[in-house]
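Enquirer: Take this sequence and fold it.
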Amino acid sequence: MSAISRHTGRDRKTVRTYLAAPSVARAPAPSCLEPYRAYIAARFEDDRHLEATVLHRELLEAGFERAYTTLVGELRRLQLRPVCLVCAHRRGDQVTTEIDHPPGEEIQWDWLELAAADTPWGEPAYVLVGALSHSGRFRGVFCEQMTFGHLAGAMHQVLVALGGTPRVWRTDRMATVVSPQTRRITPDAAALAKHYATQISVCPARRAQRKGVVEAAIKYLTKSWWRTAAIATIADAQRSLDAWSARVADTRKRPHGTVGEIGAGEPLRALPTLAYPAQIVVERKVSRAALAAFEGNHYSVPPGHAGKTVTVIAQISGPGLQIVSAHGEIVAEHRRIPAGAGQTVRSAEHAALLETAVLAAFTTKDACRRKPNLPPSDSALAELARLRGLDPGGAQVISLADYATLAEAAAR
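Expert: Numbers count the residues shown, from 1 in each chain. Alright, predicted model coming up:
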């Protein structure tokens, strides 16, 4: 107390009296927005996302004299802006609850899309991820496209890797499962579910949290595996993903064991003997060597189709494939090689045709000059006269060589 007295220059009795007096909280000053609160409430009732800059401009016209930063600070302090529950739910800020998934009840499906700039091989890739809702165990399959044939084939591979199928398949509103026009399950998707004796359950629109298990799986494999995977081709990526899923993802700890142990204990239904007979149809541009690429392998076509676009048709788990021209003609049929083998399949007939075409086009002559003077020949001029309705035989055609001969005779 003496120190306070010396520091402030006040008598010690004055300091003692001040400290002994009960403290009285000072009432906060009224907000500068008080005269405008009714208008602000009405504007936020019109639009909960009204920009503060727009509101500040409108208040200035109504007589408000404070700065924009003051307006924003008061809006936050007084909590005048109402909360949009829809946007809060979409951002994941709203309250939620965990859904209880019984063992073997459900699997969730979704695509991980990788742009061409994100892949080492410079082409877009798509990973179908299937995650068991109870245990969180998942597997992924790389595909070149997201067609129904690729979807059906990848689903079968995921189910084989997991050891069976649950009773319910949950997906979002992907176009290969739900028709964008009718918003109903497509006939192909219904036939696929019937083949595996399962039920397709589609998430409500704009409710990604309903399939949060596979969303979390995609986020996990993207950060934990994809960003650091040492791969060069799509086949390398598939092998690396399979190994990482078993070595890392399945060994995650849970209260009752690892993810792999819990997933292996789920009562999954047995798979049919054969995969659903869907077709994979892709377009390919034939290389100069008369080869069409498909699933990491190359298949031959007649050399006359080099540089042209063809269609490769293969059935899921089928032993062969067909290559069809743009006119619908089957130009080649081959035995299908396992995906990612990196092999070249060329029939003896195509090899002989390619050798003949290469030898026929071989020459030791120099390339044609690009700036020679080549006026129309006599035959070309005669054909032009015929097109104009003149008599090529009766019309006298004088070439430039005739003009040169006449000029030399006149000079003599």
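Enquirer: From now on I want contacts and neighbour counts done on CA atoms only, so please keep to that.
Expert: OK.
Enquirer: The residue positioned nearest the centre of the chain: what's it in contact with?
Expert: Here the mean C-alpha position of the chain is nearest to the C-alpha of Glu113 (CA atoms, centre = their mean), at a distance of 2.9 Å. With contacts defined as CA atoms under 8 Å, 6 or more residues apart in numbering, Glu113 is in contact with Pro124, Ala125, Tyr126, Val127.
Enquirer: Does anything pack onto the helix or strand containing Met155? Which helices or strands?
Expert: Element membership for Met155 (DSSP states H and E) is helix 148-162. Using 3 or more CA pairs under 8 Å, 6 or more residues apart in numbering; DSSP states H and E, the elements in contact with helix 148-162 are strand 125-132, strand 138-143, strand 279-285.
Enquirer: Which residues does the last one contact?
Expert: Think strand 279-285. For strand 279-285, contacts defined as CA under 8 Å, 6+ apart pick out 147-150, 292-293, 307-316.
Enquirer: How far away from the center of its chain is stretch 168-180?
Expert: Offset of stretch 168-180 from its chain centre (CA atoms, centre = their mean, to the nearest Å): 16 Å.
Enquirer: What lies in contact with that stretch?
Expert: Counting by CA under 8 Å, 6+ apart, 105-110, 147-148, 151, 184-186, 188-189, 198-205, 208, 211 sit against stretch 168-180.
Enquirer: out of the residues you listed, which are buried?
Expert: 105-110, 148, 151, 185-186, 188-189, 198-200, 202, 211 (16 or more other CA atoms under 10 Å).
Enquirer: Wait, a strand at the residue nearest to the centre of the chain?
Expert: Yes - read with DSSP: H, G, I helix; E, B strand; the rest coil, Glu113 is one of the residues of a strand.
Enquirer: Could you give the number of residues near Pro303?
Expert: Each residue near Pro303 was counted by other CA atoms under 10 Å, and the total is 22.
Enquirer: same question but for Arg173, I mixed them up
Expert: By the criterion of other CA under 10 Å, Arg173 has 20 neighbours.
Enquirer: For it, what are phi and psi?
Expert: Dihedral pair for Arg173: phi -90, psi 50, per degrees, to the nearest 10.
Enquirer: Need the pLDDT of it.
Expert: You'll see Arg173 listed with a pLDDT of 89.
Enquirer: Please name the bridge partners of Phe138.
Expert: Beta-bridge partners recorded for Phe138 (DSSP bridges): Ala131.
Enquirer: shouldn't Gln315 be in contact with Ala278?
Expert: Yes - the pair Gln315 and Ala278 passes the contact test of CA atoms under 8 Å, sitting 5.8 Å apart.
Enquirer: looking at this, Glu333 is in a helix?
Expert: No - going by three-state DSSP, the assignment for Glu333 is strand, not a helix.
Enquirer: quick revisit: counting only strands, which of the buried ones among the contacts of stretch 168-180 make the cut?
Expert: Among the buried ones among the contacts of stretch 168-180, DSSP state E puts Glu106, Ile107, Gln108, Trp109, Asp110, Gln199, Ile200, Val202 in strands.
Enquirer: ok, which pair from those residues is furthest apart?
Expert: Asp110 and Gln199 (16.2 Å; CA to CA).
Enquirer: Quick check: the closest residue to Leu151 other than its chain neighbours vs Ala275, distance?
Expert: The shortest distance from Leu151 to any non-neighbouring residue, by CA to CA, 6 or more residues apart in numbering, is to Leu128 (7.4 Å). Per CA to CA, to the nearest Å, Leu128 is found 16 Å from Ala275.
Enquirer: which residue ranges form the helices in this protein?
Expert: Taking DSSP state H as the test, the helices found in the chain are 2-8, 12-20, 37-46, 52-61, 68-78, 85-91, 148-162, 187-195, 212-224, 234-247, 259-264, 348-361, 378-387, 400-411.
Enquirer: Nearest to Ile337, out of those?
Expert: Each of those has some distance to Ile337 by CA to CA; the shortest is helix 234-247, at 12.9 Å.
Enquirer: in the closest one, what counts as buried?
Expert: Under 16+ other CA under 10 Å, the buried positions of helix 234-247 are Ile234, Ala235, Ala237, Gln238, Ser240, Leu241, Trp244, Ser245.
Enquirer: pLDDT added to the residues you listed, as a markdown table?
Expert: Below are the buried residues of helix 234-247 laid out as a markdown table (pLDDT from 0 to 100):
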| residue | pLDDT |
| --- | --- |
| Ile234 | 91 |
| Ala235 | 90 |
| Ala237 | 94 |
| Gln238 | 94 |
| Ser240 | 96 |
| Leu241 | 96 |
| Trp244 | 96 |
| Ser245 | 96 |
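Enquirer: Put together a markdown table for the residues you listed, with distance to Leu159 on each row.
Expert: Shown next, in a markdown table, are these (distance: CA to CA, whole Å):
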| residue | distance to Leu159 |
| --- | --- |
| Ile234 | 20 |
| Ala235 | 19 |
| Ala237 | 19 |
| Gln238 | 15 |
| Ser240 | 18 |
| Leu241 | 15 |
| Trp244 | 17 |
| Ser245 | 14 |
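Enquirer: Can you pull out the low-pLDDT segments for this protein?
Expert: Along the chain, the parts satisfying pLDDT under 70 run over 23-25, 88-98, 206-209, 391-404, 406, 412.
Enquirer: coming back round to it: so which of the contacts of Glu113 wins on neighbours?
Expert: Val127 (22 neighbours).
Enquirer: Could you list which residues are in contact with the nearest residue to it once chain neighbours are set aside?
Expert: The spatially closest residue to Val127, leaving aside those adjacent along the chain, is Phe142, at 4.4 Å (CA to CA, 6+ apart). Applying CA under 8 Å, 6+ apart to Phe142 gives the contacts Ala125, Tyr126, Val127, Leu128, Ala154, Ile234, Ala237, Gln238.
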